[in-house]
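*Asks:* Mind folding the following:
(one chain, ligands or ions: 2)
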Amino acid sequence: ATGCSQPGDVGTKSVAFDARIVAADSEPQNWLSHGRTYSEQRFSPLDDIAAGNVGGLGLAWYHDLDTFRGQEGTPLVVDGVMYATTAWSKIVALNAATGERIWQFDPEVPGSAGLHACCDVVNRGAAYADGRLFFGTIDGRLIAVDAKTGTKVWSVQTTDPETSQAISGAPRVAKGKVFIGNGGADQGVRGYISAYDQSTGKLAWRFYTVPGEPGKKDGAASDEVLERLARKTWSGDRYWQIGGGGTVWDSIVYDPDFDRLYVGVGNGGPWDRGIRSNGEGDNLFIGSILALDPDTGEYIWHYQETPGDQWDFTSTQQMILADLTIDGTARQVIMHAPKNGFFYVIDRKTGKPVSAETFVPVNWAEKVDLATGRPVVYPAARYDKAGPFLASSGGWGAHNWHPMAFSPQTGLVYIPAMQVPMRYATDGSFEYRPGLLNLGVGTGGKLPEEAAAIKAMLGAFQGRLIAWDPVAQKEVWRAERDSPWNGGVLATAGGLVFEGLADGTFRAHDAKTGKELWRFEAQQAIMPGPVSYAVNGVQYVAVMVGKGGAYNLAMPGFSRPDPRIPGRIMAFKLGGTAKLPVKAKADVPPFQPSDEKFTAAQIAHGDALFNSTCGACHGAGAQSIGVLPDLRRSGALANGDVWRQIVIDGMLSDNGMASFAKYLSPADAEDIRAYVNDRARVAKGAEKP
Ligand SMILES: O=C(O)c1cc(C(=O)O)c2c(n1)C(=O)C(=O)c1cc(C(=O)O)[nH]c1-2
Ligand SMILES: [Ca+2]
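*Replies:* Numbering: from 1, shown residues only. Ligands and ions are numbered 1, 2, ... in the order given. As a prediction, this is how the structure comes out:
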């Protein structure tokens, strides 16, 4: 179902709710929308918890969730009630002062839909308006539930369930509409954003970010501009048959000053531009910010940050709106730190970059030429032409979805930044496999051995919290972290910034100096952005805990194994005395290889299949951190029949292990078993004293 209808009927109630979000600073006790305000600064005006007393911050309550996967949600808090989305697209309402559960709604996403999520079955949050909550699901539905009772009001399918389109991002609301995109560019889909009527769930408009089949109209708001601007930036006859990419999987921001929607558009798919577009063209609108009319979806402007992207350099990272004084002139800007490593200050009115500087060292482009707005790309980065390229940072991003924050008090942006190398090489044998990863590049199927080489070459995989001056475009302070993939950031009027880390600690820093002032042992990795709110005059800081997401599943060698602790929400207040239960011991079963004989050819074939088909979830090199089972330790490994029933017949489909019968033959499954068995043998051998 595509197409654009009349401008939706804007209920007066909904517009009144927009006004409430615009005036969010007058109710600092609440966290009404994803980034708290429409500007998405993630700055709380609450200041009872401050640099002078943060040492007295203690756990007020914690709430255990019923999922063990990655938690990426930013909770909302409305008048004493917290609403949080969890792994597997569930939503829970809690008493924000006590953590007591009021209701939970489970959309019952079929476990087999987990296959459609490139990067774990995560959910980054809900939107709230007029007593309703709106959120997306891994199987592509957008659902409205009643905030009082948690009962469903409406539900619409926003995707084609046959393709790998999964909703991980939070919808946004404005003008009586709900805006939502989805993921899937790494699996060969075509990106778009849709607007639905808040009261009925009816599709109001849709905008495709990349052109489809030539000569065929979508009946969408994008029809005209795709032909006028985008089509000519693509080459060949292949892109529209294999997706093209450009998914809108995270950031969507409504700007009440200009009455516009800014949309972060993702990477090209497949990654390799040689395969996608004969190695030519900018491939609009991938790697871009799009400004659209929220009522009609009509195109206003675009700024492409990564023309012709071939490094998974999405521009979906969260956008912050602010008014800055630059060279004595007041500017209304978007601040953006996408995966490609440049910090952009963009004029909201025109879409032109005001400035762009790297916030971590990058080796794909020398600089952004402000006269043209284009990056000056190093020839070596064009791996489709120049051969293998070792990027730092690469597709994991110099900054990924973990939200940054801006403090109007300090004038600084706090970025959870990373340096993670990635190797790109053209995959000459590319074959389009609808539904599975379709990168078109070998990113290092030999991990972790190859990863060790990358690590040796580039020093280390790094993570740091950077305080960035967006006017001077320079770093003011940094806090080094032990590893990448740390959590989102909250800034507060108490002069603090809060961040949860991959090492399972939750920390507060002085916003001006970066000095660490407080830390709490949370037992498990933290990824999402914290929030602050107040109930009965008491200020709280809350964050969701739970390891997972793309990096943790796929990059076991660089990620700390954790015991299986359920996802949690933790809330802190001054003088809080609650205690977490005693940390469970990591329950690691032994390696369980069988002594069956497999041929070298079987193992090699299984290696290729595993690392292209299984590794994104079960870990490169068949090594897993344990969020998903480490197959080298699986009881099924020594039993070819059970193995086949799982992989081919979908025996564990309810748990999230879909049947791969569409993609793999029983002989393929057996070769994968041969490979995993080989890995288990090697690991077991290495374990001996
Ligand atoms: O291209 C896409 O459609 C797409 C979707 C998603 C997603 O929906 O989570 C991610 C990515 N790409 C991606 O490149 C990425 O690094 C990533 C990390 C995560 C995560 O939740 O940890 N999702 C995604
Ligand atoms: Ca991607």
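*Asks:* And the helices in the stretch 451-600 of the chain?
*Replies:* Ranges of helices in the stretch 451-600 of the chain, per DSSP state H, counting those that start in this stretch, are 549-554, 600-609.
*Asks:* so which of those is the most packed in?
*Replies:* For the helices of the stretch 451-600 of the chain, the stretch with the most neighbours on average is helix 549-554, a mean of 24; neighbours defined as mean count of other C-beta atoms under 10 Å. In this view, the C-beta of every residue, glycine as well, is placed from N, C-alpha and C.
*Asks:* does that helix come close to ligand 1?
*Replies:* Yes. Helix 549-554 is in contact with ligand 1 by C-beta under 6 Å from any ligand atom, via 549-550.
*Asks:* Does anything pack onto that helix? Which helices or strands?
*Replies:* Using 3 or more C-beta pairs under 8 Å, 6 or more residues apart in numbering; DSSP states H and E as the contact test, the elements touching helix 549-554 are helix 615-618.
*Asks:* could you point out which element follows the helix it packs on?
*Replies:* On the C-terminal side of helix 615-618, the closest following helix or strand by DSSP states H and E is helix 640-647.
*Asks:* tell me which residues in the helix or strand following that following helix are buried?
*Replies:* Once helix 640-647 ends, the next helix or strand along the chain (criterion: DSSP H and E) is helix 666-687. If you call a residue buried by 16 or more other C-beta atoms under 10 Å, then helix 666-687 has these buried ones: 668-680, 683.
*Asks:* residues touching the closest residue to ligand 2 within the stretch 101-250 of the chain, list them.
*Replies:* The shortest separation between the stretch 101-250 of the chain and ligand 2 is 4.5 Å, found at D186 (distances taken as C-beta to the ion). With contacts defined as C-beta atoms under 8 Å, 6 or more residues apart in numbering, the neighbours of D186 are 118, 245, 267, 269, 271, 312, 437-439.
*Asks:* how about the residues of the protein near ligand 1?
*Replies:* Residues of the chain found near ligand 1, taking C-beta under 6 Å from any ligand atom as the criterion, are 72, 118-120, 122, 168, 183-186, 247, 249, 266-267, 312, 314, 400-401, 549-550.
*Asks:* on that earlier part again, report the secondary structure state of the residue of the stretch 101-250 of the chain closest to ligand 2.
*Replies:* When the structure is split into helix, strand and coil by DSSP: H, G, I helix; E, B strand; the rest coil, D186 lands in helix.
*Asks:* Okay, it and P421: tell me how far apart.
*Replies:* The spacing between D186 and P421, counted by C-beta to C-beta, to the nearest Å, is 18 Å.
*Asks:* S39 too?
*Replies:* 34 Å.
*Asks:* who has more neighbours, the two?
*Replies:* Comparing S39 with P421 by other C-beta atoms under 10 Å, the one with more neighbours is S39, at 25 against 22.
*Asks:* dump the residue contacts of the nearest residue to that one once chain neighbours are set aside.
*Replies:* The shortest distance from S39 to any residue that is not its chain neighbour, by C-beta to C-beta, 6 or more residues apart in numbering, is 4.1 Å, and that residue is L321. Listed by C-beta under 8 Å, 6+ apart, the contact partners of L321 are 38-41, 253, 255, 257, 332-335, 348.
*Asks:* and if you look at H399?
*Replies:* Contacts of H399 by C-beta under 8 Å, 6+ apart are 317, 337-339, 341, 359, 415-418.
*Asks:* can you check T74 too?
*Replies:* Residues near T74 by C-beta under 8 Å, 6+ apart: 31, 34-35, 124-125, 170, 403, 488, 528-529, 531, 544.
*Asks:* Present the contacts of D186 as a markdown table; the columns should include secondary structure, distance to W154 and neighbour count.
*Replies:* Below are the contacts of D186 laid out as a markdown table (DSSP: H, G, I helix; E, B strand; the rest coil; distance: C-beta to C-beta, whole Å; neighbours: other C-beta atoms under 10 Å):
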| residue | secondary structure | distance to W154 | neighbour count |
| --- | --- | --- | --- |
| C118 | strand | 27 | 22 |
| G245 | strand | 30 | 31 |
| N267 | coil | 32 | 28 |
| G269 | strand | 31 | 31 |
| W271 | coil | 36 | 29 |
| D312 | coil | 34 | 27 |
| L437 | coil | 33 | 19 |
| N438 | coil | 33 | 28 |
| L439 | coil | 36 | 23 |
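*Asks:* so which of these comes closest to A578?
*Replies:* Using C-beta to C-beta, C118 comes nearest to A578 of the contacts of D186, at 36.1 Å.
*Asks:* picking that back up, what's opposite the residue nearest to S39 in the beta bridge?
*Replies:* On DSSP bridges, the residues paired with L321 through beta bridges are I334.
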